[in-house]
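A.B. asks: please find the sequence and the predicted model below.
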Amino acid sequence: MAQRPGIFPTFFLSGFECSNFLWSNGVRRNLVAETGHDRHAAEDYRFLNQLGIAVAREGIPWPVVDKGGQCDFSPIDPFIEAMNASRITPIWDLCHYGYPDDLDPFSDAFVHRFAAYCRAAAEYVMRRVRGPHFFTPINEITFFSFCAGEWGWAAPYHCSREDRMRLRLALCRAAIAGVKAVREVDSGARMVHIDPLVRVVAPRDRPDQAEAARHETSEDTFLAWDILCGREHPEFGGSPEILDIVGANNYSFGQMEYRERGPHAPLPPGDDRIAPLCEMLDTVWQRYRRPMIIGETSGLGHGRAAWLRDVMGESLAAVRRGMDLQGVCLFPAVDMPDWHTGEWVHNGICDLVAETGDLKRVPHQSYIDELRRWQKELNRVTGLDEDPYSDPVELQDVVDAAHRLEIKPDKNWS
């Protein structure tokens, strides 16, 4: 029996880009189709099985399955069949930036309809997928509020700080209602609330912006999680059990220099204002004391292996400090297009190459080699057996490796 059984069947997780928002041109995007994941689900999940990854973030497309409050979940049947065949546990993304056309996200109807959809989704998947069951009610509430409430990139296309704040509150209300609805179906369902780790600093020549940068780093970044756990706006019904598992996304562009308008400017590599990832994780840990995962990583091109090496070093430094880190998600499993340019980002475990009208999956070998190195270092499985849950992941192995390797926090990112 494991000394420290993990929440998930494997320490390494993955997932698939599943955004389905109405983009700025008014056309609904479907990233599952754009990446070919809808056509290659069985192949994609067999690939994760062979990598020893038993957990994947997967989306249920709310705008597709919910028509006027009537839900038809048959579009996700091929994904359920593929996951079951490869023994992959899903973390179901219930709202990945997209919502039905006839809903106003600022309305009470949005909250009620989302809760009803979450309840119906839970009932559907729990009968078809082995538990335990994991859900992300609304993906990246903070970022969603920026891109759709202040920058006007996606519906509802608002462009003010005030609307960003309003949208975030509305999404938090809906997420809390969604959690409660899911747990009416399965009281033991676990929730993974994903948002980016962010650190903002003032420009060197604008010390007058230091307070605005500090506020965004120390307060604004955490407001959605604060609401979900009941620290802020307790009238919404948040609690530590609602927050449950914190999914902290770590991007190379997550540490930025403050800009009064539009997205902030990413700090360049080597900037002395960059903080170690371990320190940023510690801020989350001290604030919530909830289990955590690295929800997404952002290595690009030939830098993917180096990025994973850095993330794992910082993660083990965090574990060595006593943080409850339950896993690292190599997201996405297959490449995705840049939302603005349509060009491939080259951030997946597999690249996508056009071939005879389809998208061929091409594994990025150095990234996989780095994963294999860490699986060996942490005494983790490299392939899945018939029942990934038969031998719970032993987090003590991860703790032991953290102390054996004695990796210290380092702000020198690749």
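C.D. replies: Nice, I can see it. Residues are numbered from 1 along each chain as shown.
A.B. asks: what about the residue most central in space within the chain, distance to residue 108?
C.D. replies: Most central in the chain under CA atoms, centre = their mean is residue 295, positioned 4.0 Å from the mean C-alpha point. Remark: distance between residue 295 and residue 108 (CB to CB, to the nearest Å) = 29 Å. Placement of C-beta: from N, CA and C, glycine included.
A.B. asks: does residue 366 count as helix, strand or coil?
C.D. replies: helix (DSSP: H, G, I helix; E, B strand; the rest coil).
A.B. asks: surely it is in contact with residue 301?
C.D. replies: No - counting by CB atoms under 8 Å, residue 301 is not a contact partner of residue 366; they are 10.6 Å apart.
A.B. asks: list the residues that contact both of the two?
C.D. replies: Residues touching both residue 366 and residue 301 (CB atoms under 8 Å, 6 or more residues apart in numbering): there are none.
A.B. asks: how about the strands in the stretch 51-200 of the chain?
C.D. replies: In the stretch 51-200 of the chain, the segments counted as strands under DSSP state E, counting those that start in this stretch are 55-59, 66-67, 70-71, 89-93, 134-136, 190-196, 199-201.
A.B. asks: which residues does the fifth one contact?
C.D. replies: By CB under 8 Å, 6+ apart, the list of residues contacting strand 134-136 from outside reads 8, 55, 57, 89-94, 118, 122, 178-179, 182, 189-194, 247.
A.B. asks: which positions within that strand qualify as buried?
C.D. replies: Neighbour-count burial for strand 134-136 flags 134-136 (criterion: 16 or more other CB atoms under 10 Å).
A.B. asks: again, but for the last one
C.D. replies: Within strand 199-201, the residues that qualify as buried are 199-201, counting by 16+ other CB under 10 Å.
A.B. asks: in TSV: these, plus pLDDT.
C.D. replies: TSV is the format used below for those (pLDDT from 0 to 100):
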residue	pLDDT
199	96
200	96
201	97
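A.B. asks: helix or strand for the residue found closest to the residue nearest to the centre of the chain once you drop the neighbours it is linked to in the chain, which one?
C.D. replies: By the measure of CB to CB, 6 or more residues apart in numbering, the closest residue to residue 295 outside its immediate chain neighbours is residue 247, 3.2 Å from it. Remark: residue 247 resides in strand 245-249, with elements defined by DSSP states H and E.
A.B. asks: do the same with residue 39
C.D. replies: Using DSSP H and E, residue 39 falls outside every helix and strand.
A.B. asks: try residue 404
C.D. replies: Assigned by DSSP H and E, residue 404 falls in helix 395-405.
A.B. asks: could you give the mean pLDDT of that helix?
C.D. replies: Helix 395-405 comes out with an average pLDDT of 95.
A.B. asks: now stretch 28-47
C.D. replies: 98.
A.B. asks: then stretch 108-115?
C.D. replies: Here the average pLDDT along stretch 108-115 is 98.
A.B. asks: report the buried residues of it.
C.D. replies: Neighbour-count burial for stretch 108-115 [16+ other CB under 10 Å]: 110-111, 113-115.
A.B. asks: how far off centre is that stretch?
C.D. replies: Put simply, stretch 108-115 sits 23 Å off its chain's centre (CA atoms, centre = their mean, to the nearest Å).
A.B. asks: with stretch 195-208 instead?
C.D. replies: For stretch 195-208 - counting by CA atoms, centre = their mean - the centre lies 23 Å from the chain centre.
A.B. asks: ditto for stretch 361-370
C.D. replies: Taking the mean of its C-alpha atoms, stretch 361-370 sits 21 Å from the chain's own mean (CA atoms, centre = their mean).
A.B. asks: now the terminal residues of it, how far apart.
C.D. replies: 19 Å (CA to CA, to the nearest Å).
A.B. asks: contacts for it next, please.
C.D. replies: By CB under 8 Å, 6+ apart, stretch 361-370 touches 40, 43-44, 47, 51, 299, 302, 304-305, 308-309, 330, 334, 346, 348-353.
A.B. asks: let's go with 10 Å and repeat that
C.D. replies: The contact list for stretch 361-370 (CB atoms under 10 Å, 6 or more residues apart in numbering) reads 35-37, 40, 43-44, 47, 50-51, 299, 301-309, 311-312, 330, 333-335, 346-353, 355.
A.B. asks: CSV for the buried residues of strand 199-201, including distance to residue 252?
C.D. replies: Putting those into CSV (distance: CB to CB, whole Å) gives the following:
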residue, distance to residue 252
199, 12
200, 15
201, 15
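A.B. asks: picking up where we left off before, winner for burial among the strands of the stretch 51-200 of the chain?
C.D. replies: strand 55-59 (a mean of 26; mean count of other CB atoms under 10 Å).
A.B. asks: for stretch 41-61, buried residues please.
C.D. replies: 41, 44-45, 47-49, 51-61.
A.B. asks: I should have written stretch 399-414 there, sorry.
C.D. replies: 399, 401-402, 407, 409, 411, 413.
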